[in-house]
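S.K.: One predicted model, sequence on top.
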Amino acid sequence: MNRCRKQHVRCDILTPDGAVYTGYNSCSVEGAECPRVEAGCASGEGYELCGPQRHAEVDAALRSRGPIAGGVAFITGHTYACNACQEFLAECGVTDIQIVRTDVQRGVLQDMRQKWRM
């Protein structure tokens, strides 16, 4: 899988024990340009051109290969988590989803790690 070349979304799942699992949105199409951009698709259309794809939230959860119950998901690069990702994370035990500006992502993760260690 390749990272999406149009929308750069990242999800960090921070677990109560301080582990962080990071995932990115991806598609299976090779190339330098997004196939949706090349085809002139409007926003929200043409996802079939991307081939099999994975959202950042699912990618992060799958990378954990272990328990993430009680974890918090921090998403950058997008304004929301889709319903399917919200449901998937809830089934994995993630208790909260935060949308965070990219420039504050690192500080938020560090602050949460310190808070949970207290």
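M.R.: Perfect, I can see it now.

S.K.: So what sits opposite the spatially closest residue to Q53 that is not a sequence neighbour in the bridge?
M.R.: Leaving aside its chain neighbours, Q53 sits nearest to C27 (4.6 Å; criterion: CB to CB, 6 or more residues apart in numbering). (Each C-beta comes from the backbone N, C-alpha and C, glycine too.) Here C27 sits in beta bridges with N2, Q53, as judged by DSSP bridges.

S.K.: neighbouring strands for the helix or strand I75 falls within, and are they parallel or not?
M.R.: Per DSSP states H and E, I75 falls inside strand 72-76. Strand pairing for strand 72-76, determined by DSSP bridges: strand 10-14 (antiparallel), strand 96-99 (parallel).

S.K.: and it, how far from the chain's centre?
M.R.: 7 Å (CA atoms, centre = their mean, to the nearest Å).

S.K.: Report the mean per-residue pLDDT for that strand.
M.R.: For strand 72-76, mean pLDDT rounds to 93.

S.K.: Any stretches of this protein with poor pLDDT?
M.R.: For the chain, the stretches flagged by pLDDT under 70 are 1, 102-118.
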